[in-house]
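>>> any chance you could fold what I've pasted below:
(3 chains)
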Amino acid sequence: MKYIDEFRDMAVATKISELIQREARGLKMVSFMEVCGTHTMAVERFGIRKTLPDNVRLISGPGCPVCVTPKSYIDKAIAMSDIKDIIVFSFGDMLKVPGTCSSLLKQRSKGKVRIVYSPLDAALFAEKNQDKKIIFLGIGFETTVPTVASSVKYAKKKKLKNFFIYSGHKIMPPAMELLAKDKEVNIKGFLCPAHVSAIIGMKSYGVICKKYNIPCVISGFEPLDILQSILMLVKQVKSKKAKVENQYSRVVKSSGNIMALRLIREVFSINDSDWRGIGVIKNSGLVLSKGYKDFDAERNMDLPDVKTSVDKGCICGSVLKGIKTPPECGLFYKKCTPENPQGACMVSSEGTCAAYYKYSLGQK
Amino acid sequence: MKTITLSHGSGGKMMHDLIKDLFLKNLGNPFLNKLGDAALLGLRTKKLAYTTDSFVVKPLFFPGGDIGKLSVCGTVNDLAVSGAIPRYLSCGIIVEDGFSYAALEKITISIRDACKSAGVNIVAGDFKVVEKGAIDGIFINTSGIGDVLNNSEISISRVTPGDKIIISGTIGEHAASILLAREDLKFKTRIKSDCSPLNKLVSSIICRDIKFMRDPTRGGLATTLNEISLASGYDIAIEESGIPVKKPVRALCEILGFDPLYMANEGKLIAIVSKDAASGVLAKMRKHALGKSARIIGEVKKEKDKKVYLKTQSGGLRILDMITSEQLPRIC
Amino acid sequence: MKILKITLDRAVVSSGGIQRMIGINFLKNPKVGDYVIVHAGFAIEKLDTVKAEETLKILEELQ
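Now for the predicted structure:
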């Protein structure tokens, strides 16, 4: 595939790894954090960790939107799907997350949950099936939010009365700032998410960078992107001057995508949000704005009360912050597996523990 | 729209007419035409292979095939990879009251065509209709008998360290075509199910050096290799760079976050071949239309952890577990 | 993915033999032949092929 395969050239990857080894010589141990599910997957899939010197640690942060969705959201979504004439539409990877008593996957076999690739397909279905109420599960960071916003705007244009969003959307920078403050995590550099940055641009990272003196490099997803970004972070650490750099300049503009940002501001407004494994982070979530309240599932439905169980023995909070690695969790690979996930980090294939389970167990 | 009703399954005139006008018309042969309670068959060899499978696939029709074609090829292939020439199949069909007659006809014609392609006959059949809601549309069961070839010595206990692993062609197409037909993901592709009868391919390559074969259906190549590893007791190692995947399947997997190693195939086989004979078997396979993309992808190791390892393109080692659950499209 | 055809704010895109209709309402002046980043049925940004080649060149020339 054009402009993907070239960025996977293993010979060039080896060269960049050697440069990292050289540049990092003499540095005190540094921890860089990536906060994007696709980065987590790519790091594991391409075996990037094993190419890094011992004094450069790459930790995975809370970059998987499915993983940080609270269990109560799943329980509510399941309850919604049980209501007569409601069909819940969702992205595929939400379906396997176990709720307290059931899962969206089980509801799917009853015909009450459907998978779509695009939220617009849920709106189009609502348009064609006016006898049903359609609720779309709005999960995802700033990359996904504009696509959901577009779909709601379409529903408004078509005057649909049977299309709703149950928003669980979250935004990245507040979570990054929380982690930047955390002395236990002790982040010395951020690998900033590729496509979230394509939407939000470089400005938000500038705030974190200045306030906490932490280097930020916006990185593409391919192995050469990630390795070049790590090299750039190492060089910044050595220079002792933190700034925001854009390694993914072929896609990310410094101002972000202005049209997408405008639409997000029109359709959504910011609120506090609960991140599974971490807790409530102020101003880190999105709800439908006043002008679009008619499409808000929670405001427009009589939802039953749901009781949500607690994750026992799970140290996802520490794994999500990068303080502990998956093998350091007592449940990992024993009670907690991709087939039977106990907590946030294993529920999605992009979660830190799931990615480690899939790609790293074989390393000797 | 003409539909199948409970009367079609009740044993009366309507059922006899249906059997004559639909099943015998398309599937008829000297054995089936007798409509006896059992088919009386002669044995050609001392050793028979016998297998059964049930087919419940949704959607019923997909690019490259349908449930009818699948029900023949699935059973034919189980016989073929056991080193046998498939001869006779039974076919039991259960449909839901209200099922479309046109759909049943289309499926029956697919069964006919698949049998012709494989060179087998349906010699015993059964047809039932159940109440609406009792099953989902149509379920088919086929069982099959084949003559084990003289020069076939297929046995898991013969698998030893050093044996090479050959895949007969590109992987993931069947699962990709089902996925695109089932979920409304709205991608346009030319991906078709690879559903095909493999018995003629097997006949062209069979020899004592082939120690074991299996077709990587549900759960894909990775799951089948795990089954082989568990049954033989030996580790298996394969190389990512050697695994043949068609470009559109690879592109779809990148977009949706799927792994081709865990995607079902219905027209491929894995052969475990002794080291010295592997390139010869590969060459013979490649001469056949269904084996043109065959590759040697790995080997049986001497370690006995019963694990399957994948050497990745970046030089790392990844454990390939059995498939745990259905792959679902990712957000990002 | 590559844009094959544009109709108002929708486009047909293709990659490796896979095609889909997507929304292009977030793009400024999209043209047939442009490479775009597709997410959940929408193009979220154009791929700047000049910058892509520049990045590749820098990577090759790293010493």
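
>>> tell me which other helices or strands the helix-or-strand element of chain B with minimal mean pLDDT touches.
The weakest-scoring helix or strand in chain B, judged by mean pLDDT, DSSP states H and E, is strand B:317-319 (a mean of 84). Helices and strands touching strand B:317-319, by 3 or more CB pairs under 8 Å, 6 or more residues apart in numbering or on different chains; DSSP states H and E, are strand B:308-311. The way it works is simple: take the backbone N, C-alpha and C, and place the C-beta from them, glycine included.

>>> is chain A contacted by the strand it packs on?
Yes. On the criterion CB under 8 Å from any CB of the partner chain, strand B:308-311 is in touch with chain A at B:309, B:310.

>>> list the contacts of that strand.
Identification of contacts with strand B:308-311 by CB atoms under 8 Å, 6 or more residues apart in numbering or on different chains yields A:362, B:222, B:225-226, B:229, B:235-240, B:261, B:301, B:317-321.

>>> next, the buried residues of stretch A:297-310.
Across stretch A:297-310, burial judged by 16 or more other CB atoms under 10 Å in any protein chain shown covers A:297, A:298, A:301, A:306.

>>> which strand or helix spans the closest residue to the third one other than its chain neighbours?
Taking CB to CB, 6 or more residues apart in numbering or on different chains, and ignoring the residues beside it in sequence, residue A:301 has residue A:80 as its nearest neighbour in space, at 6.7 Å. Element membership for residue A:80, per DSSP states H and E: helix A:71-82.

>>> separation between residue B:141 and residue B:72?
Taking CB to CB, to the nearest Å as the measure, residue B:141 falls 12 Å from residue B:72.

>>> residues in contact with the residue in the stretch 1-150 of chain B that chain A sits nearest to?
Per CB to the nearest CB, the residue of the stretch 1-150 of chain B with the smallest distance to chain A is residue B:136, at 10.6 Å. By CB under 8 Å, 6+ apart, residue B:136 lies in contact with B:56, B:58, B:96.

>>> separation between it and residue B:184?
Applying CB to CB to residue B:136 and residue B:184 gives a distance of 18 Å.

>>> check residue B:286 too.
Taken as CB to CB, the span from residue B:286 to residue B:184 is 38 Å.

>>> and residue A:218, by the same measure?
34 Å.

>>> just want to know which of those two has more residues nearby.
residue A:218 (27 against 14; other CB atoms under 10 Å in any protein chain shown).

>>> ok and the residue in the stretch 51-200 of chain A nearest chain B?
Counting by CB to the nearest CB, the stretch 51-200 of chain A gets nearest to chain B through residue A:92 (3.4 Å).

>>> test my guess that that residue contacts residue B:329.
Yes. Contact criterion CB atoms under 8 Å: residue A:92 and residue B:329 qualify, at 3.7 Å.

>>> tell me, what's touching those two both at once?
With CB under 8 Å, 6+ apart as the test, residue A:92 and residue B:329 both reach A:115, B:256.

>>> from the contacts of residue B:136, list the ones also adjacent to chain C.
Among the contacts of residue B:136, not one lies near chain C by CB under 8 Å from any CB.

>>> whichever of those end up buried, select them in PyMOL.
In PyMOL, a selection of the buried entries from these looks like this (16+ other CB under 10 Å):
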select buried, chain B and resi 96
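
>>> tabulate the contacts of residue B:136 in JSON lines, adding columns for pLDDT.
JSON lines is the format used below for those (pLDDT from 0 to 100):
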{"residue": "B:56", "pLDDT": "95"}
{"residue": "B:58", "pLDDT": "91"}
{"residue": "B:96", "pLDDT": "96"}
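
>>> in strands, which of the contacts of residue B:136 fall?
The members of the contacts of residue B:136 that map onto strands under DSSP state E are residue B:96.

>>> and the gap between the closest residue to residue A:187 other than its chain neighbours and residue A:243?
Closest residue in space to residue A:187, ignoring its immediate chain neighbours: residue A:33 at 4.9 Å, by CB to CB, 6+ apart. In this structure, residue A:33 and residue A:243 are 17 Å apart, going by CB to CB.

>>> tell me which of the two has more neighbours.
A direct count of neighbours by other CB under 10 Å for residue A:33 and residue A:243 places residue A:33 higher, at 26 against 15.

>>> surely that one and residue A:193 touch.
No. Taking contacts as CB under 8 Å, residue A:33 lies outside contact range of residue A:193: 11.0 Å.

>>> just to revisit the earlier point, mind checking the SS state of the residue nearest to residue A:187?
Under the three-state scheme (DSSP: H, G, I helix; E, B strand; the rest coil), residue A:33 adopts strand.

>>> one more: residue A:220?
coil.

>>> quick one: it from residue B:18, how far?
In terms of CB to CB, residue A:220 sits 61 Å off from residue B:18.

>>> show me which of the two is the more surrounded one.
Neighbour comparison, residue A:220 and residue B:18: the larger count goes to residue A:220, with 28 against 19 (by other CB under 10 Å).

>>> wait, what's in contact with that one?
Residue A:220 makes contact with A:7, A:194, A:226, A:229, A:247, A:248, A:250, A:251, according to CB under 8 Å, 6+ apart.

>>> tell me the phi and psi of residue B:89?
phi -120, psi 150 (degrees, to the nearest 10).

>>> now it: how far from residue A:321?
Applying CB to CB, the value for residue B:89 to residue A:321 is 59 Å.

>>> quick check on these two: which one has the bigger neighbour count.
Using other CB under 10 Å as the criterion, residue B:89 and residue A:321 rank with residue B:89 on top: 28 against 22.

>>> need the longest strand for chain A.
Longest strand in chain A, counting by DSSP E: strand A:279-288.

>>> quick check: which helices or strands does it pack against?
Counting by 3+ CB pairs under 8 Å, 6+ apart, strand A:279-288 packs on strand A:163-167, helix A:172-181, strand A:268-275.

>>> what comes up buried for that strand?
So, applying 16+ other CB under 10 Å, buried residues of strand A:279-288: A:281, A:284, A:285, A:286, A:287, A:288.

>>> who's in contact with the next helix-or-strand element following it?
Downstream of strand A:279-288, the first helix or strand assigned by DSSP H and E is helix A:297-300. Residues outside helix A:297-300 that contact it (CB under 8 Å, 6+ apart) are A:80, A:135, A:164, A:165, A:166, A:167, A:288, A:293, A:294.

>>> right, and the helix or strand after helix A:297-300?
Downstream of helix A:297-300, the first helix or strand assigned by DSSP H and E is helix A:316-320.

>>> for that next one, the distance to its chain's centre please.
Put simply, helix A:316-320 sits 14 Å off its chain's centre (CA atoms, centre = their mean, to the nearest Å).

>>> mean confidence score for that helix?
Per-residue pLDDT over helix A:316-320 has a mean of 85.

>>> then stretch B:135-145?
When pLDDT is averaged over stretch B:135-145, the result is 96.

>>> now it: buried residues?
Residues of stretch B:135-145 classed as buried under the neighbour-count rule (16+ other CB under 10 Å) are B:135, B:137, B:138, B:139, B:140, B:141, B:142, B:143, B:144, B:145.

>>> from those, which ones fall inside strands?
Taking DSSP E, the ones among the buried residues of stretch B:135-145 that sit in strands are B:138, B:139, B:140, B:141, B:142, B:143, B:144, B:145.

>>> I'd like the residues you listed as CSV, with distance to residue A:50 appended.
As requested, those are exported to CSV (distance: CB to CB, whole Å):
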residue, distance to residue A:50
B:138, 51
B:139, 49
B:140, 49
B:141, 49
B:142, 48
B:143, 50
B:144, 48
B:145, 52
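
>>> give the contact list for residue A:316.
A:67, A:276, A:277, A:329, A:343, A:344, A:345, A:353.

>>> and those near chain C, which?
Applying CB under 8 Å from any CB to those, none is adjacent to chain C.

>>> and those residues, which is closest to residue B:106?
residue A:67 (44.5 Å; CB to CB).

>>> residues in contact with that closest one?
A:37, A:276, A:277, A:316, A:320, A:344, A:345, A:347, A:348, A:350, A:351, A:352.

>>> the fifth one contacts residue A:343, doesn't it?
No. At 9.3 Å, residue A:320 and residue A:343 do not qualify as touching, with contact defined as CB under 8 Å.

>>> sounds good, over and out.
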